[in-house]
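>>> what would the 3D arrangement of this be:
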Amino acid sequence: MPEREITPTHSAFLELKEERVGMEEGYGFLDEKRLILAAEILGELGRYEKEMDGFRRESKKAAGALRAAVARHGLEGLGLCPNAIIPCADLRVEYRSVLGVTVQAAAWEMGRQEPPGPAVNASPEANECRDCFLDLVMRAARLAVHRGNLERLRIEYARTARRARALEDVLLPEIDDTLRVIDTALEELEREEAIRVRQVRSGP
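As a prediction, the model looks like this:
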């Protein structure tokens, strides 16, 4: 490990010890930040998995509804059925900060759903298919919010962990090595000074 080019003096030794104290405080902050981010990631991952489980269940339900609607109307006939009209639906997103990382929470606010236009040959199967896929769209939006949270938290965690490892594995050991070198050099200088003092006192 490369040593610092520092003149071995008491002032340099004290300055380096103060620098090490600052680095230790910085490492403590980064380590605590890493733990907080990890806990937030686990919580967000739990919310994502819960939403994903619901999305998978609704996907299977929507697939079954689609099969039933296609069996009733045929693919071209189903394409003639009117879409759902929900002009009053609004995706409300709330923001909070976790150590500088923006975390979002989303929820749909539904107004009164307008009835779709008249269908040529309406059926319960077509209505069920439309409603199932509408629910999937809403779940997909919430999943996107959770996925974005996880990605931002992951990036910040990786950055924090990288800085903490740099302090723990490189900078702090480097300072410790330099302190040992300076301490050894100062001890040698003190011994040499003591020898010179004895020689002066003993005379020629």
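>>> all helices for this structure, in order.
For the chain, the helices defined by DSSP state H cover 10-79, 124-166, 172-202.
>>> distance to residue 91 added to those helices, as TSV?
To be clear about C-beta, it is placed using only N, CA and C from the backbone, and glycine gets the same treatment. Compiled in TSV, the helices of the chain are given as follows (distance: least, C-beta to C-beta, whole Å):
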stretch	distance to residue 91
helix 10-79	14
helix 124-166	6
helix 172-202	47
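>>> pick out the shakiest of the ones you listed, pLDDT-wise.
Set side by side, the helices of the chain give their lowest mean pLDDT on helix 172-202, at a mean of 85.
>>> got the angle between that one and helix 10-79?
Relative orientation of helix 172-202 and helix 10-79, computed by axes from the mean of the first three to the mean of the last three C-alpha atoms, to 10 degrees: 180 degrees.
>>> tell me what helix 172-202 is packed against?
Counting contacts by 3 or more C-beta pairs under 8 Å, 6 or more residues apart in numbering; DSSP states H and E, helix 172-202 packs against helix 10-79.
>>> which helices and strands does the helix it packs on pack with?
Under the contact definition 3+ C-beta pairs under 8 Å, 6+ apart, helix 10-79 sits against strand 90-98, strand 101-109, helix 124-166, helix 172-202.
>>> of all these, which one is nearest residue 56?
In terms of C-beta to C-beta, the element of the helices and strands packed on helix 10-79 nearest to residue 56 is helix 124-166, at 9.7 Å.
>>> distance from the chain centre to the closest one, please.
Relative to the centre of its chain, helix 124-166 is centred 13 Å away, using C-alpha atoms, centre = their mean, to the nearest Å.
>>> which strands or helices does it pack on?
With contacts taken as 3+ C-beta pairs under 8 Å, 6+ apart, helix 124-166 sits against helix 10-79, strand 90-98, strand 101-109.
>>> so which of these comes closest to residue 127?
Nearest of these (C-beta to C-beta): helix 10-79, 8.8 Å.
>>> what angle do the closest one and strand 90-98 make?
Angular relation of helix 10-79 and strand 90-98 on a 0 to 180 degree scale: 170 degrees, by the same axes, to 10 degrees.
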